[in-house]
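Asker: One predicted model, sequence on top.
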Amino acid sequence: MNNVHILPATLADYPTIQNMARFYVYDLSRECGLISEDWAIPSDGLYESFDFKNYFEEATRKAWLVKVADELTGFVLLNQAGTSPETKWNMGEFFILAKFQGQGIGRKVAHQIWILHPGHWEVSVIPENKSALNFWRKTISTYTGDCYREEIKTIDYDQHQPNRIIFSFDSRQ
């Protein structure tokens, strides 16, 4: 698919990303929904997400919209908070809408992001999220020629799932 492109998101795009984040949480609930009651669907039937406004306000964070042709397809949120001091960029959140999944769009988007933001990267995945693990293993392996680390680390920002699989690599390869 050659018409995949990413656009820097502005504060005007914040509501759009928050709206899409409801679908992101819904997708994640398929594999991570039994980790804690926090994943239960709210009584009003509408999933909520973390507030991502800081991705538009802090210099150490970046937000991107993903489009195929002119259709909104997903978002990418980057930060500079890794588990290692050498980490320059961390894939904070990465989401491609269900109808666009499985077509190579996510791989192309990740590769574009890594080219635009060179340096040492981390991608953190909840172990129960098997589809994300498979996606990131293939995508990072393809990009780096199998030159990456994968390890389980304990994080302090999620009490229900403190263990994460951390992929680390240098995107300047």
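Answerer: Structure's in. What do you need? Numbers count the residues shown, from 1 in each chain.
Asker: what's the pLDDT at the closest residue to Tyr26 other than its chain neighbours?
Answerer: Nearest non-adjacent residue to Tyr26, counting by CB to CB, 6 or more residues apart in numbering: Tyr47, 5.1 Å away. (Glycine included, C-beta is placed from N, CA and C.) pLDDT for Tyr47: 85.
Asker: is it true that Tyr47 touches Asn19?
Answerer: No - here Tyr47 does not reach Asn19: they are 10.9 Å apart, not a contact under CB atoms under 8 Å.
Asker: where's the lowest-mean-pLDDT helix or strand in the chain relative to the chain centroid, distance-wise?
Answerer: Scoring the helices and strands of the chain by mean pLDDT, DSSP states H and E places helix 14-32 at the bottom, with a mean of 91. The chain centroid and the centroid of helix 14-32 are separated by 11 Å, computed with CA atoms, centre = their mean, to the nearest Å.
Asker: buried set for that helix?
Answerer: 14, 17-18, 20-21, 24-29, 31-32 (16 or more other CB atoms under 10 Å).
Asker: Is Ile113 part of a helix or strand, or is it coil?
Answerer: helix (DSSP: H, G, I helix; E, B strand; the rest coil).
Asker: before we move on, what about Ser141?
Answerer: helix.
Asker: Give me the nearest residue to Glu151, chain neighbours excluded.
Answerer: Ile166 (5.7 Å).
Asker: Just give the number of residues close to that neighbour.
Answerer: 20 (other CB atoms under 10 Å).
Asker: where in the protein is pLDDT low?
Answerer: 1, 36 (pLDDT under 70).
Asker: ranges for the helices of it?
Answerer: 14-32, 54-57, 105-116, 130-144 (DSSP state H).
Asker: Show me the one of these that comes nearest Asp158.
Answerer: Of all the helices of the chain, the one in closest proximity to Asp158, counting by CB to CB, is helix 14-32 (10.5 Å).
Asker: hang on, Lys62 packs against Tyr55?
Answerer: Yes - judged on CB under 8 Å, Lys62 makes contact with Tyr55 at a distance of 7.0 Å.
Asker: Common neighbours of these two, please.
Answerer: Counting by CB atoms under 8 Å, 6 or more residues apart in numbering, the residues touching both Lys62 and Tyr55 are 77-79.
Asker: Could you check the helices of the chain and tell me which one is nearest Phe95?
Answerer: helix 14-32 (4.3 Å).
Asker: so the closest one versus helix 130-144, what angle?
Answerer: Going by axes from the mean of the first three to the mean of the last three CA atoms, to 10 degrees, helix 14-32 is angled at 110 degrees with respect to helix 130-144.
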